[in-house]
Each structure stands twice: as structure tokens, then as C-alpha cells.
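Enquirer: sequence-free structure coming up:
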């Protein structure tokens, strides 16, 4: 005989089936928006004006939800572009950007561009901006001092074009610049020569300053000597000689004083030994 199912078993089966159906309905009617994202509801081409913020939301099962990232995103690009001289250089560029979190901006971006905004907007605008800017710069500028200016100019131009479309450019990074080997070697040699020339100019300037310092010092010494010499007369020197002679004559040591020196008119003072030597020499 087949097993007899009781009334209680049938009730539990109905409850279990109802629970499964309810869970499926709830799953199709709910959407979870992660942190750093926003949700755009689309029902058969009609985009809801309300943007879903991060969290759990109940929705119509007929609604499709696009989760738009509001976080910083990275777009890489490689391009071979001409310089002002007509030379072709390779540029590796990275763009940091994020979507404008304003609900109307997100809704407009979804309606007018869709999910492929990176390929449809950022990539072509970046290529156009790079080509326009590099055509104004020389290869030397790209390889040396012009890199920062180029990155800033690209960021400004991209924000002007993409800002109204709901895309904000945070920063443009020039990762590498590939020049022809011959040109790169020539530029490096020229830059090295310019640096050496600047170093020599600094050395020469320093030497000129040192020479000027010595000239001023010598002029000061000469002026001092001129002033001192001008203040010392022959009469003063003779008077100082007389004073010195008097002091020597007054000393206790034996000495000989000869009056009437024909050279400067001052007395000559000898001690006893020197006087004896001079007398024997005669």
C-alpha cells in the first residue's frame, strides 16, 4: 500500500514552498548598493530621477539598476604623437578621474553616454588633447622641463571638455616619454653641456666676487697707509729719536754716545763692547 501522508505534512510543505517563493520575490525586489557607488534605476528605457545611495533598497522587479562607481578610477593610454619639430615621440599617460556624484549629472551621463563612458569619452578626448598639446612643444621640453606643464595643461583641457559630461579629472600623469635613441642621446649631451656651462658661470662669478673683495681689502690697506704716512713728519720722527736716545743715555748700562750723525742728525748710541769694536776697526 502507498504511504499515507497526513494533513500536517501537507501544511508544512505549503509553508516551505511559500517561503521559497517569498525569498525569490524579495531577492528580485531588493538591490544592494555598495559603499562608493550610486544606483541608477532603468525601467524599459525610462530612467528614474532618484539615484540610489549606498545601502539596501527595495525596487520594482521590472527595474534594472546600474551601479555607477564614484571612486577614483584609472585610465591608461599610449600614443605616438608629433612634436613641434615634427619628430614622433611615444607617450605613456595615466588619468585619475571620478564621476560627479550629483544625481542629475549621473542620470545625464547614463542617458547620453551609458556605461562605456571611459571608451566613448575619456579615451578619445585624452588622445585629442595630447596631440594638440605636444604639437606645441619641442622634444627637448617634453624630455626635461616641459613635462609638468604638459600634464597640467592636459588636466585643464580634459576638465573643460569632460566636466560638463559628469566626469572630473583628478590628475594626469606622464609615466614615460620614448624618444628616438639618436635624439635622446643628443638632448642628454646638450643638457649636460648646459649644466656644465651654468656651473662654470657660477665658478667665474664666485671668483670675480673674491677678486673684488681682495681689491677692496687692498684699497683699504693702501688708504690706511696713506693716512698714517701723511700724519708722520720728519720732525716727528727726529723728535721720537731724541726721546729714545735720552732714555738709552739714562740707562745704567755703559755706552758711548756720538753726537752729529750726518745721516739723520740723530745721536748714535753704542754700548761699551760695540764702541770698542768700532775703535779697533779704525
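Expert: That came in fine, so what should we check first? Worth saying up front: this structure is predicted, and the values here are computed from it rather than measured.
Enquirer: please, where are all the strands along this structure?
Expert: 30-33, 37-43, 46-52, 55-58, 64-69, 73-82, 88-99, 167-178, 255-258, 268-271 (DSSP state E).
Enquirer: how about JSON lines for those strands, with distance to residue 111, mean neighbour count and mean pLDDT added?
Expert: C-beta here means a position set from N, CA and C on the backbone, and glycine is covered the same way. Formatted as JSON lines, the strands of the chain follow (distance: least, CB to CB, whole Å; neighbours: other CB atoms under 10 Å; pLDDT from 0 to 100):
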{"stretch": "strand 30-33", "distance to residue 111": "19", "mean neighbour count": "15", "mean pLDDT": "82"}
{"stretch": "strand 37-43", "distance to residue 111": "9", "mean neighbour count": "19", "mean pLDDT": "89"}
{"stretch": "strand 46-52", "distance to residue 111": "6", "mean neighbour count": "15", "mean pLDDT": "86"}
{"stretch": "strand 55-58", "distance to residue 111": "20", "mean neighbour count": "11", "mean pLDDT": "82"}
{"stretch": "strand 64-69", "distance to residue 111": "11", "mean neighbour count": "16", "mean pLDDT": "89"}
{"stretch": "strand 73-82", "distance to residue 111": "20", "mean neighbour count": "13", "mean pLDDT": "89"}
{"stretch": "strand 88-99", "distance to residue 111": "14", "mean neighbour count": "18", "mean pLDDT": "91"}
{"stretch": "strand 167-178", "distance to residue 111": "15", "mean neighbour count": "16", "mean pLDDT": "90"}
{"stretch": "strand 255-258", "distance to residue 111": "124", "mean neighbour count": "13", "mean pLDDT": "56"}
{"stretch": "strand 268-271", "distance to residue 111": "120", "mean neighbour count": "16", "mean pLDDT": "55"}
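Enquirer: closest to residue 138 out of those strands?
Expert: When those are compared by CB to CB, strand 88-99 sits nearest residue 138, at 10.3 Å.
Enquirer: just checking, what packs against that closest one?
Expert: The contact analysis (3 or more CB pairs under 8 Å, 6 or more residues apart in numbering; DSSP states H and E) places strand 88-99 against strand 64-69, strand 73-82, helix 103-112, helix 123-134, helix 146-162, strand 167-178.
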